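[1] need the 3D shape of this:
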Amino acid sequence: MTTPPSLSSARAFLLDGDGVLYRGSEPLPGARAFIDALNASGTPYLLLTNNATRTPEQLAAKMAPMQLAIDAAHIFTSAQATALWLQDRYPAGARILVVGEDGLRVALSQGGFRLVDEHRQAELVVAGLDRTVTYARLAEATLAIGRGCPFIASNPDKSIPTERGVEPGAGALIAFLQAATGVTPPMIGKPEADFFHQAMRSLGVTPDETVMVGDRYETDILGAHNAGIRSAAVLTGISRAAEFAAAAAPPTWVFEDLVALLGAWRET
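    Next up, the predicted model:
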């Protein structure tokens, strides 16, 4: 068995949020110390999150009471990546029917798109997690897709870890629309390699000096593999040690939590 390289060689980090830094409104073990160490050392990093429900500013505000000192400039969401993806393919002012919350709606508006509420007005349908979604909203999206509007999804996460337990994620709503329309949308967030490449370009770092820290195999770890970067899995979120061990493309490292990861990174 090949011995993994030392984590101390990492020069930049991409971090998942839910299940890595926090669960719901509670910080996870080692999260504060790890973020403080990144900030103190000037290490380039981004919170690379599939969470499209909040803007970067809202996510920063959510973490402030947890004493996680991550500002909006250190956050890159699947909602922002979705807006960039659409800008490369559709004209400014295109009309979008959104199933999603503030993060997705603000990113699309700031990206130059017009948001509409009725299927007859829509030119595109974009879906992410919406915790206040109604049947009527899903029906409008279904009707728009049914008449030929392109359907795009912010991310595939079927579930999210919360302080109450595992709850439905964006992928659950996307599955509803897929079942109703028979249309499978392109997914923009993790595990798509372009999401990681956009993040690394913004940091000015290369794949060989970057490590993705995540809790979910099918998004964080597989996405890192797709992007050609190393990965560190923590066992504080969705995937368990047995899943990582059995994977065809396993993580480079597996740690119990960020306490253990920080200790390994500090080793010389």
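[2] residue contacts, Glu26?
    Neighbour list for Glu26: 66, 163 [criterion: CB atoms under 8 Å, 6 or more residues apart in numbering]. For glycine as for every other residue, the C-beta is placed from the backbone atoms N, C-alpha and C.
[3] shouldn't Thr142 be in contact with Leu177?
    Yes. Between Thr142 and Leu177 a contact is recorded at 6.2 Å, counting by CB atoms under 8 Å.
[4] once you drop chain neighbours, what's closest to Arg230?
    Thr252 (4.2 Å; CB to CB, 6 or more residues apart in numbering).
[5] that neighbour: how many residues sit nearby?
    For Thr252, the neighbour count with other CB atoms under 10 Å is 18.
[6] what about Cys265, is that helix, strand or coil?
    One correction, residue 265 is Trp, not Cys. helix (DSSP: H, G, I helix; E, B strand; the rest coil).
[7] now do the same contact list for it.
    Counting by CB under 8 Å, 6+ apart, Trp265 has contacts 7-8, 10, 37.
[8] how about Arg23?
    So, once contact is read as CB under 8 Å, 6+ apart, Arg23 ends up touching 161-163, 236-237.
[9] which of those are buried?
    Buried subset of the contacts of Arg23 (neighbour count, 16 or more other CB atoms under 10 Å): 161, 236-237.
[10] and Gly93, that's in a strand?
    No. Per three-state DSSP, Gly93 lies outside any strand segment and is coil.
[11] tell me the pLDDT of it.
    What the model reports as pLDDT for Gly93 is 97.
[12] what's near enough to touch the residue nearest to it when sequence neighbours are not counted?
    Closest residue to Gly93 apart from its sequence neighbours, by CB to CB, 6+ apart: Arg114 at 5.7 Å. By CB under 8 Å, 6+ apart, Arg114 lies in contact with 93-96.
[13] swap the cut-off to 7 Å and go again
    The contact partners of Arg114, by CB atoms under 7 Å, 6 or more residues apart in numbering, come to 93, 95-96.
[14] drop anything exposed from those.
    Here, 16+ other CB under 10 Å leaves 95-96 buried among the contacts of Arg114.
[15] and the contacts of Trp265, which is closest to Pro27?
    Ala37 (14.5 Å; CB to CB).
[16] for Leu7, see how far away the residue nearest the centre of the chain is.
    Most central in the chain under CA atoms, centre = their mean is Asn50, positioned 1.8 Å from the mean C-alpha point. Note on Asn50: its distance to Leu7, by CB to CB, to the nearest Å, is 24 Å.
[17] surely Val125 meets Ser154?
    No. Val125 lies out of contact with Ser154 (CB atoms under 7 Å); the separation is 11.7 Å.
[18] neighbour count: those two, which is higher?
    Ser154 (34 against 26).
[19] how about the helices in this protein?
    31-41, 56-63, 78-87, 102-110, 135-146, 170-181, 193-203, 222-227, 241-246, 258-266 (DSSP state H).
[20] quick check: angle from the fifth one to helix 170-181?
    Using axes from the mean of the first three to the mean of the last three CA atoms, to 10 degrees, one finds that helix 135-146 and helix 170-181 are set 60 degrees apart in direction.
[21] what residues sit buried inside helix 135-146?
    Result for helix 135-146 [16+ other CB under 10 Å]: buried residues 137-138, 140-145.
[22] report the lowest-confidence entry in the contacts of Trp265.
    Among the contacts of Trp265, Ser8 carries the weakest pLDDT, at 88.
[23] from Glu140, how far off is the closest residue to it other than its chain neighbours?
    Excluding the flanking residues, the one nearest Ser8 by CB to CB, 6+ apart is Glu267, at 5.2 Å. To Glu140, Glu267 is 54 Å away according to CB to CB.
[24] tell me who's in contact with the closest residue to Lys158 other than its chain neighbours.
    By the measure of CB to CB, 6+ apart, the closest residue to Lys158 outside its immediate chain neighbours is Gly171, 3.7 Å from it. Taking CB under 7 Å, 6+ apart, we find Gly171 in contact with 156-158.
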